[in-house]
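Chemist: this is a predicted model, with the sequence first.
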Amino acid sequence: MRRRLLLSTLAVAVVAILLLGIPLAYTAHKLVYDGAARSLDREASSIAGGVGLDLERHRPVTGDVIAREYPDRHISITMPDGRTLTAGPARAERSLTATATQDGVRVRISRPGAAVRADALRLLLLIASLALLGVAVTVGLAMVQARKLTVPLIDLAETADRLGSGNARPRRRRYGIPEADQVAEVLDRSAVRIADLLANSREFASDASHQLRTPLTALSMRLEEMIEAADYPDVVREEGAAAVAQAERLVAVVEQLLSRAKHDRTGTAAASPIDEIIAQQVEEWRPIFRRDGRDVRIIGERGLVGMTNPEGLSQIVATLLDNSLMHGAGTVTIRTKPTVSHVVVEIGDEGAGIPPELVPRIFERSVSGGRGTGLGLYLARSLATVDGGRLELFQSRPAVFGVTLRQAAEVRLAAEPVVMGPA
C-alpha cells in the first residue's frame, strides 16, 4: 500500500508540474527572445540619436567608440550623405537584428542568436531545476504521508492477529487519524470482551473439573468397597475391577478434556506400550461387536512404544471402534506399524465408507453422517493433538482412520545401528 500511495502521489505531482511547467517554459522562452528584440530596438534608437547629435555638433563619428560602448554587437550606420560606417564583430549567420532611423541616420544592429539561446537555455534549466525540486519535495511528503497512513494499518493488522492467536490484551494505541483510531478503539473493546470470555471459560473449566472429579472419585471408592464386601469375590472382583478401570480412565479423560478447555496444550505424553492399550480396548469392545455378528482383529507389528497418554489413546481407539460399530460393517481391523520416527495405528472396517461430501469435514464439530452427535471424531482428534499426535482419515471407502504418534526416544535409539570405528 505504501508503494501505491507513493506512486499515485508522484504521478499526480508529475502531471501537475508538466501542466504548469510546459506553458511556463514556452512563455519564458518567448519572453527571453522578446526581451532581446526590445533591447536591440532601444540600442539602435540610442545609437541613431547619438550619431545624429554628433553630426550636428560636427564631431567625428568613429566605429571604435561605438564598438566599445556596444560590445558583441554588429552595427551598420548609414549617414545622411550615404556613407556607411560599421562597428563590432562580423555579423553572424543566425542573429537577431533591429533597425532605427533618426535625423537621416539609419542604424542596423545585430546580436548573435547563440547568446540569446544561451540565456533562454539558462532560464529553462532554472525552471527544470525548480520542477525537479518540486518532484523531490513531493516524493518526500508522499513518503511521510504514506508512512503515516500505512503504519497504523500494519499495527492494526498485528493487533487483529494477536487477538486471533489468543493474546487478548488491548494496546491502547492511537494514531491521530480518525478512521484508524476508530478501528483501534473497536479492536481494544473486542480484546476486552475476548479476555472476559477466556477468563469465564477458564473459570468454568475449573468449576467443571471440581464438580466432575468429586463424583467420579466417590464412584471409584464405592466400587472398591463393593469389591471388598462381595459375597462372591471372584465374579464381583472381576466386574468391579473392570468398572474401576473404566472409572479411572474416565477421570483421566475428563482431566485431559478440561486441560484442553483451559487451553493447556502441553499434554502428558509418555512412552506407552501400544499393544496393551489396544488389547484392553479390544477386550472391552469385542463382546459388543460379536452381539452384532461382527469381530475385531489385531494385525501388524507388535511391541511398539509411542509417546502418548494411555487414557487419551484409549479414548481415541474407543471412539473409532464406536464409530465403526455405528456406521461401519464387517470385521474391524486394527493394524499397527512403525515408520522412521512414528508409530501408526490404523483402524478400518468393511463398510460402505464415508460419503464424499463429508470427507473434507469429517473432523469438524457437529458433523455426522448418521445418528451420532458429531463430537466423537472432533474430540478424538483434539486428544491426539494434545499429546503431539495426529488423527487422520487414511481412506474413505471403506473407512480407514489412522492415529500417528511420536515414537519413544529410547525405542529409536535402540533401533539405530551402532557403527564402531576401527580399533
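Modeler: Great, that's in hand.
Chemist: which stretches in the stretch 51-200 of the chain count as strands?
Modeler: 74-78, 84-87, 95-102, 105-112 (DSSP state E, counting those that start in this stretch).
Chemist: what's the second one in contact with?
Modeler: When contacts are taken as CB atoms under 8 Å, 6 or more residues apart in numbering, the neighbours of strand 84-87 outside the stretch itself are 61, 63-64, 66-67, 70, 73-79. Placement of C-beta: from N, CA and C, glycine included.
Chemist: show me which of those are buried.
Modeler: Listed as buried from the contacts of strand 84-87 are V61, I66, A67, Y70, R73, H74, I75, S76, I77, T78; burial here means 16 or more other CB atoms under 10 Å.
Chemist: between those, which sits nearest E392?
Modeler: The closest of the buried ones among the contacts of strand 84-87 to E392 turns out to be R73 (CB to CB; 97.8 Å).
Chemist: any idea how far that closest one is from A142?
Modeler: 50 Å (CB to CB, to the nearest Å).
Chemist: what ranges does the stretch 251-400 of the chain have for its helices?
Modeler: 274-291, 310-327, 376-386 (DSSP state H, counting those that start in this stretch).
Chemist: mind checking which of those helices is nearest L126?
Modeler: That would be helix 376-386 among the helices of the stretch 251-400 of the chain, by CB to CB, at 71.6 Å.
Chemist: list the buried residues for the closest one?
Modeler: G376, L377, Y378, L379, A380, R381, S382, L383, A384, V386.
Chemist: a markdown table for those residues, including pLDDT?
Modeler: Listed next are the buried residues of helix 376-386 as a markdown table, based on pLDDT from 0 to 100:
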| residue | pLDDT |
| --- | --- |
| G376 | 76 |
| L377 | 83 |
| Y378 | 81 |
| L379 | 79 |
| A380 | 83 |
| R381 | 86 |
| S382 | 81 |
| L383 | 81 |
| A384 | 85 |
| V386 | 79 |
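Chemist: how about JSON lines for the residues you listed, with distance to A270 added?
Modeler: Formatted as JSON lines, the buried residues of helix 376-386 follow (distance: CB to CB, whole Å):
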{"residue": "G376", "distance to A270": "24"}
{"residue": "L377", "distance to A270": "24"}
{"residue": "Y378", "distance to A270": "24"}
{"residue": "L379", "distance to A270": "21"}
{"residue": "A380", "distance to A270": "19"}
{"residue": "R381", "distance to A270": "20"}
{"residue": "S382", "distance to A270": "19"}
{"residue": "L383", "distance to A270": "15"}
{"residue": "A384", "distance to A270": "15"}
{"residue": "V386", "distance to A270": "13"}
